[in-house]
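Chemist: what's the 3D shape of this:
(one chain, ligands or ions: 1)
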Amino acid sequence: MDASLVGHRVRTLWGEDGDDVHYPATIVAFNGKKRKYKLMLHFDDGMDEPVGLPCDTIEVLEERVDACPCAACKDVPARLPFDVSW
Ligand SMILES: [Zn+2]
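Modeler: Purely as a prediction, here's the structure:
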């Protein structure tokens, strides 16, 4: 788990039993000071969430992006990685 993951698209599987849904997201930042949740995700609907990898419910895709396509970022395109803390 390192900064090279920033920009990768991911697919997360979250849901209750029988109601599993894949949510697309983008890794927008890396924070090496965190013990566990070193990566910040932006879900395409605009929500954000710190996560750690490897994770059973997060699949890192080969697809990469230069700017976050989520609902919260698309109107103000900013190149990744983002300078955010958590
Ligand atoms: Zn975003």
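
Chemist: where's the least confident helix or strand in the chain by mean pLDDT relative to the chain centroid, distance-wise?
Modeler: Of all the helices and strands that make up the chain, strand 8-14 has the lowest average by mean pLDDT, DSSP states H and E, namely a mean of 92. How far strand 8-14 lies from its chain's middle: 7 Å, per C-alpha atoms, centre = their mean, to the nearest Å.

Chemist: Likewise for stretch 71-78?
Modeler: Centroid separation for stretch 71-78 versus its chain: 15 Å, with C-alpha atoms, centre = their mean.

Chemist: For it, the averaged confidence score.
Modeler: Model confidence over stretch 71-78 averages 86 on the pLDDT scale.

Chemist: do the same with stretch 26-36
Modeler: Averaged across stretch 26-36, pLDDT comes to 96.

Chemist: List the buried residues of it.
Modeler: Applying a neighbour-count criterion of 16 or more other C-beta atoms under 10 Å, the buried positions in stretch 26-36 are 26-30. C-beta: built from backbone N, CA, C; applies to glycine.

Chemist: Reformat these as a markdown table; add distance to the ion.
Modeler: Listed next are the buried residues of stretch 26-36 as a markdown table, based on distance: C-beta to the ion, whole Å:
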| residue | distance to the ion |
| --- | --- |
| 26 | 6 |
| 27 | 10 |
| 28 | 6 |
| 29 | 10 |
| 30 | 15 |
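
Chemist: Among those, which ones are in strands?
Modeler: Secondary structure from DSSP state E places 26-30 of the buried residues of stretch 26-36 in strands.

Chemist: got a markdown table for those, with distance to residue 73 too?
Modeler: Conversion of these to a markdown table gives the following (distance: C-beta to C-beta, whole Å):
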| residue | distance to residue 73 |
| --- | --- |
| 26 | 9 |
| 27 | 13 |
| 28 | 8 |
| 29 | 12 |
| 30 | 17 |
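
Chemist: Appreciated, that's everything.
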